[in-house]
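Asks: This is a predicted model, with the sequence first.
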Amino acid sequence: MTKRLEVYFKNENDAESASLKLKTLRVSNNFIDEMPSEKEERYYVPFATVNSSSSGTPGMINPAYVAEASSERNQLDETENPYNEKVTHMLQVDVVDEDYEKAVNILNEFDCFTRVER
């Protein structure tokens with residue numbers, strides 16, 4: 001079985017570097033896509049907050065962190081909002097179950113994000 005990872009980067013270089021490092025694992029469908037300019041607001045949180053424990057669904061955001069982020073977001077004005085990151089590239093990759101933790105560790109080396117729904 002495989003698990004899909006979808007992460008977002010602020011620049012193409014980081015996305016390419018992460019993609020190359022992930023190719024050392026058993027991965028498939030590894031591709032990078034440039035993000036279109038968006039009219040709607042989307043919020044991203046650091047990828048390191050992804051819950052990869054066996055008790056949760058892999059790739060899910062830690063709910064406690066989202067609640068904390070939401071609370072902090074309400075205290076910040078829009079220009080200081082660290083949870084409204086501008087991303088330019090998306091990396092999507094399918095990783096075999098046995099290499100999933102290694103893939104998460106590789107991605108945590110980079111300044112990458114995952115989407116959070118408001």
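Replies: Structure's in. What do you need?
Asks: residue ranges for the helices of this structure, please.
Replies: Taking DSSP state H, the helices of the chain run over residues 12-22, 63-75, 100-107.
Asks: By mean pLDDT, show me the worst of these.
Replies: Among those, helix 63-75 carries the lowest mean pLDDT, at a mean of 41.
Asks: Next, count neighbours for the closest residue to residue 98 other than its chain neighbours.
Replies: Of all residues not flanking residue 98 in the chain, residue 26 sits nearest, at 7.3 Å (Cβ to Cβ, 6 or more residues apart in numbering). In this view, the C-beta of every residue, glycine as well, is placed from N, C-alpha and C. Counted with other Cβ atoms under 10 Å, residues neighbouring residue 26 total 15.
Asks: repeat for residue 107
Replies: Count around residue 107 with other Cβ under 10 Å applied: 21.
Asks: my read: it touches residue 18, true?
Replies: Yes. In this structure, residue 107 is within contact of residue 18 by Cβ atoms under 8 Å, at 6.0 Å.
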